[in-house]
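Q: just coords:
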């Protein structure tokens, strides 16, 4: 395929997968359970944090997280007691355990009490065509308070050469103005043009087969390379192609 044919092909795949049917099998369904801005932000952040492994298990465990927070995540974050955190201790999703969950609850409270909330932190350090510095600065702020060293591994740092797949996916959910009802687009202070593709094994493999990614590792350098190619196809909404790459990989075995 030439460049024009490739763009046409991927645009068709975006239409095919960027619709409400996608929600049923994706953890994006968790923030869709809520209507209050802060509930949506926190539900999305926590479910994106554990979004690796079996997708059914991710969704099941994300629902469990919400249940443990009384299905009022913002209220829980802001007014939890030590006894409430004890209740979280039996939670486990792969290497993310109840102690990590408690640490994240405290980190989120710190973000909302002292830094104006999640949107404010990410917006403060945004660049014209990148949120990777924003992710780096967010991680520093999130862990300003006392925390277990082990919990830090659950937020990736792009400036440490991570593709930061899960947090880029979270940012897509919060920022992208999606008329199809999948991405929530509740953050208006960040442009969708600055978003990066949530690069994982599926989207990476498809991108290589299509000739828009040459780097073998799925790391920050690969993400930067892929970003350049996706921005050539749509400068204002480059991350829409995540639906095409992910759909081709997961649903079609491309």
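A: Nice, thanks for sending it over. Computed from a predicted structure; not experimentally measured.
Q: The stretch 51-200 of the chain: helices as residue ranges?
A: 55-68, 73-79, 82-87, 98-114, 118-124, 132-142, 165-175 (DSSP state H, counting those that start in this stretch).
Q: what is the rounded mean pLDDT of the first one?
A: Averaged across helix 55-68, pLDDT comes to 97.
Q: picking up where we left off before, so which of the helices of the stretch 51-200 of the chain is nearest residue 11?
A: helix 165-175 (17.4 Å; C-beta to C-beta). For glycine as for every other residue, the C-beta is placed from the backbone atoms N, C-alpha and C.
Q: avg pLDDT for that closest one?
A: 98.
Q: so what secondary structure elements neighbour that helix?
A: On a contact count with 3 or more C-beta pairs under 8 Å, 6 or more residues apart in numbering; DSSP states H and E, helix 165-175 meets helix 37-49, helix 118-124, helix 132-142.
Q: what's the most buried one of those helices?
A: helix 37-49 (a mean of 24; mean count of other C-beta atoms under 10 Å).
Q: For residue 113, grab the count of nearby residues.
A: Other residues lying near residue 113 total 11 when counted by other C-beta atoms under 10 Å.
Q: ok, the nearest residue to it once chain neighbours are set aside - how many residues close by?
A: Distances taken as C-beta to C-beta, 6 or more residues apart in numbering put residue 78 closest to residue 113, at 7.5 Å, once the chain neighbours are dropped. Counted with other C-beta under 10 Å, the neighbours of residue 78 add up to 15.
Q: Can you name the residues that contact residue 224?
A: Residues near residue 224 by C-beta atoms under 8 Å, 6 or more residues apart in numbering: none.
Q: Ok, residue 82 next?
A: With contact set as C-beta under 8 Å, 6+ apart, residue 82 has no partners.
Q: Could you tell me how far it is located from residue 112?
A: Noted for residue 82: a distance of 19 Å to residue 112, by C-beta to C-beta, to the nearest Å.
Q: Test my guess that the residue nearest to residue 113 contacts residue 111.
A: No. Look at residue 78 against residue 111 with C-beta atoms under 8 Å: they stay out of range, at 10.8 Å.
Q: Let me know the secondary structure of residue 225.
A: For residue 225, the secondary structure call by DSSP: H, G, I helix; E, B strand; the rest coil comes out as helix.
Q: That one is in contact with residue 215, isn't it?
A: Yes. Counting by C-beta under 8 Å, residue 215 is a contact partner of residue 225 at 5.6 Å.
Q: Right, I'll leave it there.
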